[in-house]
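Asks: Generate a structure from the sequence data that follows.
(one chain, ligands or ions: 2)
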Amino acid sequence: MNSFIFENSTKVYFGKGCVREHLSEALKDCGEDVLLAYGNGSIKKNGIYGEIMDILLRAKKNVIEFPGIMPNPTYAKVLEGKRLVREHRAGLILGVGGGSVMDCCKAVSMAAATRKDVWEEYWEKEGVIDFEPIPVGVVVTVTGTGSEVNGDSVITHEEKKIKTGRDYRACNPRFAMLDPEYTYTVSPAQTAAGGFDMLSHVMETYFSAPDGENLSDAISEALMKSIIKNIPIAMEEPENYEARSNLMWASSLAELRLIKLGKKCDFEAHQIEHQLGAFTDCSHGRGLAVIHPAYYRRICSCGLDKFARFAEIVWEIPAEGRTKEEMAQEGIRALEGFIRRIGLPTTLRELGLADKGILKTIADSCAINTGGYKVLTKEEIREILEVCFE
Ligand code: NZQ
Ligand code: ZN
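Replies: Ligands and ions are numbered 1, 2, ... in the order given. Have a look, this model is predicted:
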(Lines give C-alpha, C1' and ligand atoms only; values in the text may rest on other atoms or scores of the structure.)
(Ligands and ions follow the chains in the order given, each with its own letter.)
Protein backbone atom coordinates (compact mmCIF):
# COMPACT_ATOMS: atom_id res chain seq x y z
CA MET A 1 0.00 0.00 0.00
CA ASN A 2 1.20 3.55 -0.74
CA SER A 3 0.96 6.26 1.93
CA PHE A 4 -2.21 8.33 2.28
CA ILE A 5 -4.19 10.76 4.43
CA PHE A 6 -7.89 9.98 4.64
CA GLU A 7 -10.63 12.41 5.52
CA ASN A 8 -14.24 12.50 4.48
CA SER A 9 -16.57 14.91 6.17
CA THR A 10 -20.03 13.98 4.83
CA LYS A 11 -22.46 12.51 7.34
CA VAL A 12 -24.32 9.67 5.63
CA TYR A 13 -27.83 8.55 6.57
CA PHE A 14 -28.61 5.27 4.81
CA GLY A 15 -31.72 3.11 4.61
CA LYS A 16 -35.46 2.82 4.26
CA GLY A 17 -37.22 5.84 5.69
CA CYS A 18 -34.01 7.72 6.57
CA VAL A 19 -35.27 11.01 5.11
CA ARG A 20 -38.50 10.87 7.12
CA GLU A 21 -36.56 9.95 10.22
CA HIS A 22 -33.53 12.23 10.04
CA LEU A 23 -33.98 15.16 7.67
CA SER A 24 -35.44 17.56 10.22
CA GLU A 25 -32.57 16.84 12.62
CA ALA A 26 -30.02 17.37 9.82
CA LEU A 27 -31.63 20.72 9.00
CA LYS A 28 -30.87 22.17 12.43
CA ASP A 29 -28.26 24.94 12.56
CA CYS A 30 -28.70 25.74 8.86
CA GLY A 31 -30.75 28.91 9.19
CA GLU A 32 -34.37 29.48 8.18
CA ASP A 33 -33.94 29.87 4.45
CA VAL A 34 -33.36 26.75 2.38
CA LEU A 35 -32.75 26.63 -1.36
CA LEU A 36 -34.49 23.46 -2.58
CA ALA A 37 -32.74 22.37 -5.79
CA TYR A 38 -34.02 19.64 -8.08
CA GLY A 39 -34.22 18.45 -11.67
CA ASN A 40 -36.92 18.30 -14.28
CA GLY A 41 -39.82 16.95 -12.29
CA SER A 42 -39.25 13.26 -11.49
CA ILE A 43 -39.44 14.05 -7.76
CA LYS A 44 -42.88 15.61 -8.23
CA LYS A 45 -44.19 12.51 -10.02
CA ASN A 46 -42.89 9.97 -7.49
CA GLY A 47 -43.90 11.83 -4.33
CA ILE A 48 -40.41 12.62 -3.02
CA TYR A 49 -40.96 16.36 -3.46
CA GLY A 50 -44.16 16.24 -1.36
CA GLU A 51 -42.49 14.26 1.40
CA ILE A 52 -39.51 16.61 1.62
CA MET A 53 -41.56 19.79 1.36
CA ASP A 54 -43.68 18.54 4.24
CA ILE A 55 -40.61 18.03 6.42
CA LEU A 56 -39.22 21.46 5.48
CA LEU A 57 -42.46 23.23 6.27
CA ARG A 58 -42.90 21.39 9.57
CA ALA A 59 -39.37 22.50 10.45
CA LYS A 60 -40.59 26.06 9.72
CA LYS A 61 -38.16 26.62 6.88
CA ASN A 62 -38.67 29.29 4.29
CA VAL A 63 -38.25 27.33 1.03
CA ILE A 64 -36.85 28.93 -2.10
CA GLU A 65 -37.25 26.65 -5.10
CA PHE A 66 -34.52 26.10 -7.68
CA PRO A 67 -36.01 23.63 -10.20
CA GLY A 68 -34.98 22.58 -13.71
CA ILE A 69 -31.40 21.41 -13.17
CA MET A 70 -30.67 19.53 -16.36
CA PRO A 71 -28.56 16.39 -16.89
CA ASN A 72 -25.03 17.74 -17.56
CA PRO A 73 -25.64 20.95 -15.60
CA THR A 74 -24.42 24.13 -17.22
CA TYR A 75 -22.50 27.06 -15.80
CA ALA A 76 -25.43 29.31 -16.75
CA LYS A 77 -27.62 27.21 -14.42
CA VAL A 78 -25.02 27.59 -11.65
CA LEU A 79 -25.22 31.38 -12.01
CA GLU A 80 -29.03 31.20 -11.78
CA GLY A 81 -28.72 29.33 -8.47
CA LYS A 82 -26.12 31.77 -7.21
CA ARG A 83 -28.51 34.70 -7.79
CA LEU A 84 -31.27 32.91 -5.83
CA VAL A 85 -29.00 32.10 -2.87
CA ARG A 86 -27.78 35.69 -2.68
CA GLU A 87 -31.21 37.26 -3.12
CA HIS A 88 -32.77 35.13 -0.36
CA ARG A 89 -29.66 34.74 1.80
CA ALA A 90 -30.18 30.98 1.93
CA GLY A 91 -28.25 29.24 4.70
CA LEU A 92 -28.51 25.76 3.16
CA ILE A 93 -28.70 24.39 -0.35
CA LEU A 94 -30.68 21.15 -0.30
CA GLY A 95 -30.19 19.16 -3.50
CA VAL A 96 -32.71 16.41 -4.25
CA GLY A 97 -31.75 14.31 -7.25
CA GLY A 98 -28.76 12.67 -8.91
CA GLY A 99 -25.27 13.74 -9.88
CA SER A 100 -26.47 16.65 -11.98
CA VAL A 101 -28.45 18.24 -9.15
CA MET A 102 -25.77 17.56 -6.54
CA ASP A 103 -22.94 18.88 -8.73
CA CYS A 104 -24.88 22.03 -9.58
CA CYS A 105 -25.57 22.62 -5.87
CA LYS A 106 -21.88 22.38 -4.99
CA ALA A 107 -20.92 24.83 -7.72
CA VAL A 108 -23.70 27.21 -6.59
CA SER A 109 -22.44 26.91 -3.02
CA MET A 110 -19.09 28.26 -4.17
CA ALA A 111 -20.36 30.84 -6.65
CA ALA A 112 -22.70 32.38 -4.06
CA ALA A 113 -19.96 32.75 -1.48
CA THR A 114 -17.29 34.57 -3.48
CA ARG A 115 -17.01 37.54 -5.83
CA LYS A 116 -14.72 35.57 -8.12
CA ASP A 117 -15.82 34.04 -11.41
CA VAL A 118 -15.80 30.46 -10.18
CA TRP A 119 -15.64 28.95 -13.65
CA GLU A 120 -12.40 30.77 -14.42
CA GLU A 121 -10.88 30.41 -10.98
CA TYR A 122 -12.05 26.99 -9.88
CA TRP A 123 -13.15 24.88 -12.85
CA GLU A 124 -10.94 25.96 -15.71
CA LYS A 125 -8.00 25.53 -13.35
CA GLU A 126 -7.46 24.11 -9.88
CA GLY A 127 -8.02 26.93 -7.37
CA VAL A 128 -7.49 27.46 -3.65
CA ILE A 129 -10.73 27.98 -1.71
CA ASP A 130 -10.11 30.90 0.65
CA PHE A 131 -13.77 31.34 1.66
CA GLU A 132 -16.55 29.18 3.10
CA PRO A 133 -18.97 27.76 0.55
CA ILE A 134 -22.68 27.83 1.52
CA PRO A 135 -23.48 24.47 3.22
CA VAL A 136 -24.98 21.79 0.98
CA GLY A 137 -27.11 18.80 1.99
CA VAL A 138 -28.30 16.17 -0.49
CA VAL A 139 -31.05 13.60 -0.84
CA VAL A 140 -30.07 11.06 -3.50
CA THR A 141 -32.80 9.87 -5.90
CA VAL A 142 -30.71 8.14 -8.58
CA THR A 143 -27.44 6.28 -8.05
CA GLY A 144 -24.22 6.28 -10.05
CA THR A 145 -22.00 9.30 -9.60
CA GLY A 146 -21.23 9.08 -5.88
CA SER A 147 -21.34 12.87 -5.83
CA GLU A 148 -23.10 12.67 -2.45
CA VAL A 149 -19.89 11.73 -0.62
CA ASN A 150 -17.21 13.87 -2.21
CA GLY A 151 -16.48 17.45 -3.23
CA ASP A 152 -16.52 16.76 -6.94
CA SER A 153 -18.72 18.85 -9.19
CA VAL A 154 -18.84 18.36 -12.97
CA ILE A 155 -20.05 21.41 -14.85
CA THR A 156 -20.46 22.15 -18.56
CA HIS A 157 -19.56 25.53 -20.00
CA GLU A 158 -21.75 25.52 -23.10
CA GLU A 159 -20.09 28.34 -25.02
CA LYS A 160 -16.57 27.09 -24.35
CA LYS A 161 -17.56 23.45 -25.00
CA ILE A 162 -15.82 22.24 -21.86
CA LYS A 163 -17.27 19.76 -19.38
CA THR A 164 -14.99 19.39 -16.39
CA GLY A 165 -15.02 18.37 -12.76
CA ARG A 166 -13.07 19.48 -9.71
CA ASP A 167 -13.06 17.80 -6.32
CA TYR A 168 -12.80 20.40 -3.54
CA ARG A 169 -13.00 19.03 -0.01
CA ALA A 170 -14.78 22.19 1.11
CA CYS A 171 -17.64 21.15 -1.20
CA ASN A 172 -18.33 17.79 0.44
CA PRO A 173 -22.02 17.83 1.35
CA ARG A 174 -22.60 18.26 5.09
CA PHE A 175 -25.03 15.38 4.97
CA ALA A 176 -26.27 12.86 2.44
CA MET A 177 -29.53 10.96 2.74
CA LEU A 178 -29.65 7.63 0.91
CA ASP A 179 -33.02 5.89 0.90
CA PRO A 180 -32.90 3.06 -1.66
CA GLU A 181 -36.70 3.22 -1.98
CA TYR A 182 -36.29 6.70 -3.48
CA THR A 183 -34.68 5.03 -6.50
CA TYR A 184 -37.56 2.61 -7.21
CA THR A 185 -38.92 4.83 -10.00
CA VAL A 186 -35.60 5.16 -11.85
CA SER A 187 -36.08 3.69 -15.34
CA PRO A 188 -34.22 0.53 -16.41
CA ALA A 189 -32.24 2.61 -18.94
CA GLN A 190 -31.09 5.10 -16.28
CA THR A 191 -30.41 2.24 -13.84
CA ALA A 192 -28.05 0.75 -16.44
CA ALA A 193 -26.39 4.10 -17.19
CA GLY A 194 -25.87 4.98 -13.52
CA GLY A 195 -24.79 1.41 -12.77
CA PHE A 196 -22.18 1.52 -15.50
CA ASP A 197 -20.95 4.87 -14.19
CA MET A 198 -20.21 3.38 -10.76
CA LEU A 199 -18.57 0.34 -12.38
CA SER A 200 -16.42 2.74 -14.40
CA HIS A 201 -15.38 4.65 -11.26
CA VAL A 202 -14.14 1.41 -9.76
CA MET A 203 -12.39 0.27 -12.95
CA GLU A 204 -10.67 3.63 -13.50
CA THR A 205 -9.22 3.26 -10.01
CA TYR A 206 -8.43 -0.46 -10.22
CA PHE A 207 -6.52 -0.21 -13.50
CA SER A 208 -3.69 1.86 -12.06
CA ALA A 209 -0.60 1.27 -9.97
CA PRO A 210 0.20 -0.22 -7.55
CA ASP A 211 -0.70 -3.70 -8.77
CA GLY A 212 0.79 -5.77 -5.97
CA GLU A 213 -1.46 -7.23 -3.29
CA ASN A 214 -3.40 -4.31 -1.80
CA LEU A 215 -6.67 -3.94 0.03
CA SER A 216 -7.98 -1.14 -2.21
CA ASP A 217 -7.95 -3.49 -5.22
CA ALA A 218 -9.54 -6.29 -3.19
CA ILE A 219 -12.39 -3.97 -2.16
CA SER A 220 -12.71 -2.86 -5.79
CA GLU A 221 -13.09 -6.45 -6.96
CA ALA A 222 -15.88 -7.06 -4.45
CA LEU A 223 -17.56 -3.84 -5.55
CA MET A 224 -17.37 -4.69 -9.25
CA LYS A 225 -18.87 -8.14 -8.66
CA SER A 226 -21.70 -6.68 -6.62
CA ILE A 227 -22.47 -3.95 -9.17
CA ILE A 228 -22.43 -6.43 -12.09
CA LYS A 229 -24.78 -8.75 -10.19
CA ASN A 230 -27.24 -6.09 -9.06
CA ILE A 231 -27.72 -3.88 -12.15
CA PRO A 232 -29.75 -6.50 -14.11
CA ILE A 233 -31.80 -7.36 -11.01
CA ALA A 234 -32.71 -3.71 -10.39
CA MET A 235 -33.56 -3.29 -14.09
CA GLU A 236 -35.92 -6.27 -14.04
CA GLU A 237 -37.33 -5.69 -10.57
CA PRO A 238 -37.25 -1.92 -9.92
CA GLU A 239 -38.59 -2.39 -6.37
CA ASN A 240 -36.08 -5.04 -5.32
CA TYR A 241 -34.80 -3.43 -2.11
CA GLU A 242 -31.75 -5.63 -1.85
CA ALA A 243 -30.52 -4.78 -5.35
CA ARG A 244 -31.33 -1.06 -5.05
CA SER A 245 -29.67 -0.78 -1.65
CA ASN A 246 -26.52 -2.60 -2.76
CA LEU A 247 -26.24 -0.37 -5.82
CA MET A 248 -26.82 2.74 -3.77
CA TRP A 249 -24.04 1.99 -1.32
CA ALA A 250 -21.71 0.71 -4.06
CA SER A 251 -22.15 4.01 -5.85
CA SER A 252 -21.11 5.93 -2.75
CA LEU A 253 -18.27 3.56 -1.81
CA ALA A 254 -16.79 3.86 -5.29
CA GLU A 255 -16.44 7.62 -4.89
CA LEU A 256 -15.95 7.96 -1.14
CA ARG A 257 -12.20 8.27 -1.82
CA LEU A 258 -11.83 4.93 0.03
CA ILE A 259 -10.84 2.61 -2.82
CA LYS A 260 -8.56 5.34 -4.19
CA LEU A 261 -6.37 5.24 -1.09
CA GLY A 262 -2.85 4.31 -2.04
CA LYS A 263 -3.78 4.12 -5.75
CA LYS A 264 -2.65 6.37 -8.59
CA CYS A 265 -6.07 6.37 -10.35
CA ASP A 266 -6.51 7.29 -13.97
CA PHE A 267 -9.99 8.43 -15.12
CA GLU A 268 -8.94 8.97 -18.74
CA ALA A 269 -12.16 7.32 -19.98
CA HIS A 270 -13.99 9.95 -17.92
CA GLN A 271 -11.96 12.72 -19.54
CA ILE A 272 -12.96 11.44 -22.97
CA GLU A 273 -16.62 11.07 -21.98
CA HIS A 274 -16.73 14.55 -20.49
CA GLN A 275 -15.65 16.10 -23.77
CA LEU A 276 -17.99 13.82 -25.69
CA GLY A 277 -20.70 15.17 -23.39
CA ALA A 278 -19.60 18.78 -23.90
CA PHE A 279 -20.08 18.40 -27.66
CA THR A 280 -23.09 16.05 -27.77
CA ASP A 281 -24.84 16.38 -24.36
CA CYS A 282 -24.92 12.57 -24.15
CA SER A 283 -25.78 10.75 -20.93
CA HIS A 284 -22.63 10.23 -18.84
CA GLY A 285 -23.07 6.50 -18.19
CA ARG A 286 -24.03 5.75 -21.81
CA GLY A 287 -21.01 7.64 -23.12
CA LEU A 288 -18.72 5.74 -20.76
CA ALA A 289 -20.17 2.41 -21.93
CA VAL A 290 -19.19 3.16 -25.52
CA ILE A 291 -15.67 4.31 -24.67
CA HIS A 292 -14.50 1.66 -22.21
CA PRO A 293 -13.99 -1.49 -24.34
CA ALA A 294 -12.09 0.36 -27.10
CA TYR A 295 -10.01 2.28 -24.55
CA TYR A 296 -9.12 -0.90 -22.67
CA ARG A 297 -8.17 -2.76 -25.87
CA ARG A 298 -5.78 0.13 -26.58
CA ILE A 299 -4.07 0.10 -23.15
CA CYS A 300 -4.32 -3.51 -21.94
CA SER A 301 -0.92 -4.66 -23.20
CA CYS A 302 0.64 -2.11 -20.81
CA GLY A 303 -1.18 -3.55 -17.79
CA LEU A 304 -1.50 -7.16 -18.79
CA ASP A 305 -1.26 -8.74 -15.34
CA LYS A 306 -4.08 -6.60 -14.01
CA PHE A 307 -6.34 -7.11 -17.01
CA ALA A 308 -5.79 -10.88 -16.71
CA ARG A 309 -6.63 -10.71 -12.99
CA PHE A 310 -9.76 -8.69 -13.82
CA ALA A 311 -10.89 -11.49 -16.16
CA GLU A 312 -10.24 -14.20 -13.62
CA ILE A 313 -11.59 -12.58 -10.46
CA VAL A 314 -14.36 -10.29 -11.70
CA TRP A 315 -15.65 -12.30 -14.67
CA GLU A 316 -14.63 -15.73 -13.33
CA ILE A 317 -12.95 -16.77 -16.56
CA PRO A 318 -10.70 -19.82 -15.90
CA ALA A 319 -7.02 -18.95 -16.35
CA GLU A 320 -6.00 -22.52 -17.04
CA GLY A 321 -4.99 -23.08 -20.66
CA ARG A 322 -5.05 -19.35 -21.50
CA THR A 323 -2.15 -16.92 -21.88
CA LYS A 324 -2.25 -13.58 -20.07
CA GLU A 325 -2.99 -11.86 -23.39
CA GLU A 326 -5.94 -14.17 -24.01
CA MET A 327 -7.22 -13.63 -20.49
CA ALA A 328 -7.01 -9.85 -20.87
CA GLN A 329 -8.94 -9.96 -24.15
CA GLU A 330 -11.56 -12.33 -22.66
CA GLY A 331 -12.09 -9.96 -19.73
CA ILE A 332 -12.69 -7.00 -22.04
CA ARG A 333 -15.02 -9.16 -24.17
CA ALA A 334 -16.98 -10.07 -21.03
CA LEU A 335 -17.26 -6.38 -20.13
CA GLU A 336 -18.52 -5.59 -23.62
CA GLY A 337 -21.03 -8.45 -23.45
CA PHE A 338 -22.31 -7.10 -20.15
CA ILE A 339 -22.72 -3.62 -21.65
CA ARG A 340 -24.87 -5.15 -24.42
CA ARG A 341 -26.82 -7.31 -21.96
CA ILE A 342 -27.93 -4.27 -19.94
CA GLY A 343 -28.96 -2.42 -23.10
CA LEU A 344 -26.26 0.25 -23.16
CA PRO A 345 -24.84 1.46 -26.47
CA THR A 346 -21.55 0.13 -27.79
CA THR A 347 -21.04 2.62 -30.63
CA LEU A 348 -21.08 6.39 -30.94
CA ARG A 349 -23.65 6.01 -33.69
CA GLU A 350 -25.99 4.25 -31.23
CA LEU A 351 -25.29 7.10 -28.84
CA GLY A 352 -26.74 9.46 -31.45
CA LEU A 353 -23.61 10.81 -33.12
CA ALA A 354 -24.25 11.08 -36.86
CA ASP A 355 -21.06 12.71 -38.06
CA LYS A 356 -17.51 11.38 -37.69
CA GLY A 357 -16.13 14.80 -38.60
CA ILE A 358 -16.31 16.03 -35.02
CA LEU A 359 -14.14 13.27 -33.51
CA LYS A 360 -10.82 15.08 -33.97
CA THR A 361 -12.18 18.24 -32.34
CA ILE A 362 -13.44 16.19 -29.39
CA ALA A 363 -10.12 14.33 -29.08
CA ASP A 364 -8.11 17.55 -29.23
CA SER A 365 -10.18 19.06 -26.44
CA CYS A 366 -9.62 16.13 -24.02
CA ALA A 367 -7.36 16.51 -21.01
CA ILE A 368 -4.63 13.88 -20.75
CA ASN A 369 -4.30 12.02 -17.45
CA THR A 370 -1.11 10.31 -16.41
CA GLY A 371 -2.28 7.85 -13.76
CA GLY A 372 -3.04 4.87 -15.98
CA TYR A 373 -0.99 2.15 -17.64
CA LYS A 374 -0.50 4.23 -20.77
CA VAL A 375 -0.45 7.99 -21.25
CA LEU A 376 -2.47 8.57 -24.41
CA THR A 377 -1.76 11.13 -27.09
CA LYS A 378 -4.62 13.16 -28.59
CA GLU A 379 -4.11 11.22 -31.82
CA GLU A 380 -4.63 7.96 -29.91
CA ILE A 381 -7.82 9.35 -28.38
CA ARG A 382 -9.04 10.21 -31.89
CA GLU A 383 -8.25 6.65 -32.99
CA ILE A 384 -10.15 5.23 -30.00
CA LEU A 385 -13.15 7.41 -30.87
CA GLU A 386 -12.92 6.24 -34.51
CA VAL A 387 -13.04 2.61 -33.32
CA CYS A 388 -16.07 3.50 -31.18
CA PHE A 389 -17.93 5.13 -34.04
CA GLU A 390 -19.61 2.01 -35.48
O1 NZQ B 1 -34.37 15.69 -13.85
P2 NZQ B 1 -35.32 14.69 -13.28
O3 NZQ B 1 -36.71 14.89 -13.75
O4 NZQ B 1 -35.20 14.56 -11.80
O5 NZQ B 1 -34.91 13.25 -13.92
C6 NZQ B 1 -33.65 12.66 -13.69
C7 NZQ B 1 -32.74 12.68 -14.92
O8 NZQ B 1 -33.49 12.72 -16.11
C9 NZQ B 1 -33.83 11.16 -13.47
N10 NZQ B 1 -34.16 10.81 -12.08
C11 NZQ B 1 -33.51 11.17 -10.96
N12 NZQ B 1 -34.09 10.57 -9.88
C13 NZQ B 1 -35.12 9.84 -10.35
C14 NZQ B 1 -35.17 9.99 -11.75
N15 NZQ B 1 -36.12 9.39 -12.50
C16 NZQ B 1 -37.03 8.62 -11.87
N17 NZQ B 1 -37.01 8.41 -10.52
C18 NZQ B 1 -36.09 9.00 -9.73
N19 NZQ B 1 -36.06 8.74 -8.42
O20 NZQ B 1 -32.59 10.60 -13.82
C21 NZQ B 1 -32.04 11.33 -14.90
C22 NZQ B 1 -30.56 11.44 -14.74
O23 NZQ B 1 -30.22 12.24 -13.62
P24 NZQ B 1 -28.75 12.84 -13.48
O25 NZQ B 1 -28.63 13.50 -12.17
O26 NZQ B 1 -28.41 13.65 -14.69
O27 NZQ B 1 -27.87 11.50 -13.55
P28 NZQ B 1 -26.54 11.12 -12.86
O29 NZQ B 1 -26.74 10.88 -11.41
O30 NZQ B 1 -25.99 10.03 -13.67
O31 NZQ B 1 -25.60 12.44 -12.97
C32 NZQ B 1 -24.91 12.73 -14.16
C33 NZQ B 1 -24.03 13.95 -13.99
O34 NZQ B 1 -23.06 13.78 -12.95
C35 NZQ B 1 -21.72 13.94 -13.48
C36 NZQ B 1 -21.92 13.52 -14.92
O37 NZQ B 1 -20.85 13.92 -15.75
C38 NZQ B 1 -23.22 14.20 -15.26
O39 NZQ B 1 -23.04 15.57 -15.50
N40 NZQ B 1 -20.74 13.21 -12.68
C41 NZQ B 1 -20.50 13.63 -11.42
C42 NZQ B 1 -19.54 13.06 -10.62
C43 NZQ B 1 -19.25 13.55 -9.25
N44 NZQ B 1 -19.73 14.68 -8.84
O45 NZQ B 1 -18.53 12.90 -8.47
C46 NZQ B 1 -18.70 11.95 -11.09
C47 NZQ B 1 -19.23 11.30 -12.31
O48 NZQ B 1 -18.15 10.64 -12.93
C49 NZQ B 1 -19.90 12.20 -13.28
O50 NZQ B 1 -18.98 12.83 -14.15
ZN1 ZN C 1 -18.59 8.92 -13.78
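
Asks: Not counting stretch 40-49 itself, show me its contacts.
Replies: Stretch 40-49 has contacts (CB atoms under 8 Å, 6 or more residues apart in numbering) with 38, 50, 52, 67-70, 96-97, 139, 141, 182, 184-185. Every residue, glycine included, has its C-beta placed from N, CA and C.

Asks: Which one of those sits in the busiest neighbourhood?
Replies: residue 139 (29 neighbours; other CB atoms under 10 Å).

Asks: The residue of the stretch 201-350 of the chain found nearest ligand 1: neighbouring residues, count only.
Replies: Nearest to ligand 1, among the residues of the stretch 201-350 of the chain, is residue 284, at 3.8 Å (CB to the nearest ligand atom). Applying other CB under 10 Å, we find 26 residues neighbouring residue 284.

Asks: was I right about it contacting residue 73?
Replies: No: counting by CB atoms under 8 Å, residue 284 stays clear of residue 73, with 11.3 Å between them.

Asks: Show the end-to-end separation of stretch 296-312, please.
Replies: Distance between the two ends of stretch 296-312: 16 Å, counting by CA to CA, to the nearest Å.

Asks: Same question for stretch 291-308.
Replies: Note: stretch 291-308 ends 20 Å apart using CA to CA.

Asks: what about that stretch, near ligand 1?
Replies: No: judged by CB under 6 Å from any ligand atom, stretch 291-308 makes no contact with ligand 1; its nearest approach is 12.4 Å.

Asks: could you pull out the helices for the stretch 101-250 of the chain?
Replies: 118, 188-206, 215-236, 241-255 (DSSP state H, counting those that start in this stretch).

Asks: what does this protein have sitting close to ligand 1?
Replies: Going by CB under 6 Å from any ligand atom, the residues of the chain near ligand 1 are 39-43, 46, 71-72, 97-101, 103, 141-142, 144-147, 150, 152-154, 165, 182-183, 185-186, 190, 194, 197, 255, 270, 284-285.

Asks: follow-up on the earlier one: take the helices of the stretch 101-250 of the chain and write them to TSV, including mean neighbour count, distance to residue 24 and mean pLDDT.
Replies: Converted to TSV, those look like this (neighbours: other CB atoms under 10 Å; distance: least, CB to CB, whole Å; pLDDT from 0 to 100):
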stretch	mean neighbour count	distance to residue 24	mean pLDDT
helix 118	27	31	97
helix 188-206	25	28	98
helix 215-236	19	29	98
helix 241-255	23	22	98
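
Asks: nearest to residue 294, of the ones you listed?
Replies: Set against residue 294 and scored by CB to CB, these come closest in helix 188-206, at 13.6 Å.

Asks: Which strands or helices does that closest one pack on?
Replies: Packing partners of helix 188-206 (3 or more CB pairs under 8 Å, 6 or more residues apart in numbering; DSSP states H and E): helix 215-236, helix 241-255, helix 268-280, helix 284-299.

Asks: In strands only, show me the contacts of stretch 40-49.
Replies: Residues of the contacts of stretch 40-49 located in strands (DSSP state E): 38, 96, 97, 139.

Asks: For the closest residue to the third one other than its chain neighbours, grab phi and psi.
Replies: It stands for residue 97. Spatially, and ignoring its direct neighbours in sequence, residue 97 is nearest to residue 39 (4.6 Å; CB to CB, 6 or more residues apart in numbering). Per-residue torsions, residue 39: phi -90, psi -130 (degrees, to the nearest 10).

Asks: What is the neighbour count of residue 39?
Replies: 22.

Asks: Next up, the contacts around it.
Replies: Here residue 39 is in contact with 67, 68, 69, 70, 71, 97, 98, 100, 101 (criterion: CB under 8 Å, 6+ apart).

Asks: With adjacent residues omitted, what lies nearest to residue 56?
Replies: residue 63 (5.3 Å).

Asks: helix or strand right after the helix or strand encompassing the one you found?
Replies: Secondary structure from DSSP states H and E places residue 63 in strand 62-66. Next in sequence after strand 62-66, counting helices and strands by DSSP H and E, comes helix 75-88.

Asks: I'd like the distance from that following helix to the chain centre, please.
Replies: Centroid displacement of helix 75-88 relative to its chain, using CA atoms, centre = their mean, to the nearest Å, is 23 Å.

Asks: One more: stretch 233-241?
Replies: For stretch 233-241, the separation from the chain centroid amounts to 21 Å (computed by CA atoms, centre = their mean).

Asks: Residue 2 and ligand 1, how far apart?
Replies: As judged by CB to the nearest ligand atom, to the nearest Å, residue 2 and ligand 1 stand 22 Å apart.

Asks: helix/strand/coil for that residue?
Replies: Using DSSP: H, G, I helix; E, B strand; the rest coil, the structure places residue 2 in coil.

Asks: give me the number of residues near residue 382?
Replies: Residue 382, neighbours per other CB under 10 Å, totals 18.

Asks: Check residue 2 and give its pLDDT.
Replies: Per-residue pLDDT puts residue 2 at 79.

Asks: Spatially nearest residue to it (excluding sequence neighbours)?
Replies: Per CB to CB, 6+ apart, closest to residue 2 is residue 262, 4.0 Å.

Asks: about what we covered before: filter the residues of the chain next to ligand 1 down to the buried ones.
Replies: 39, 42-43, 46, 71-72, 97-101, 103, 141-142, 144-147, 150, 152-154, 165, 182-183, 185-186, 190, 194, 197, 255, 270, 284-285 (16 or more other CB atoms under 10 Å).

Asks: Run through the bridge partners of residue 66.
Replies: Residue 66 has these beta-bridge partners by DSSP bridges: residue 37.

Asks: Tell me the spacing between it and residue 208.
Replies: 37 Å (CB to CB, to the nearest Å).

Asks: Same drill for the two, tell me which one is more crowded.
Replies: Shown here are residue 66 and residue 208; by other CB under 10 Å, residue 66 has more neighbours (25 against 22).

Asks: ok, the more buried one - contacts?
Replies: 35, 36, 37, 38, 80, 81, 84, 93, 108.

Asks: mind putting those residues in a markdown table, distance to residue 24 and pLDDT included?
Replies: Shown next, in a markdown table, are those (distance: CB to CB, whole Å; pLDDT from 0 to 100):
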| residue | distance to residue 24 | pLDDT |
| --- | --- | --- |
| 35 | 17 | 98 |
| 36 | 14 | 98 |
| 37 | 19 | 98 |
| 38 | 19 | 98 |
| 80 | 28 | 98 |
| 81 | 24 | 98 |
| 84 | 23 | 98 |
| 93 | 17 | 98 |
| 108 | 23 | 98 |
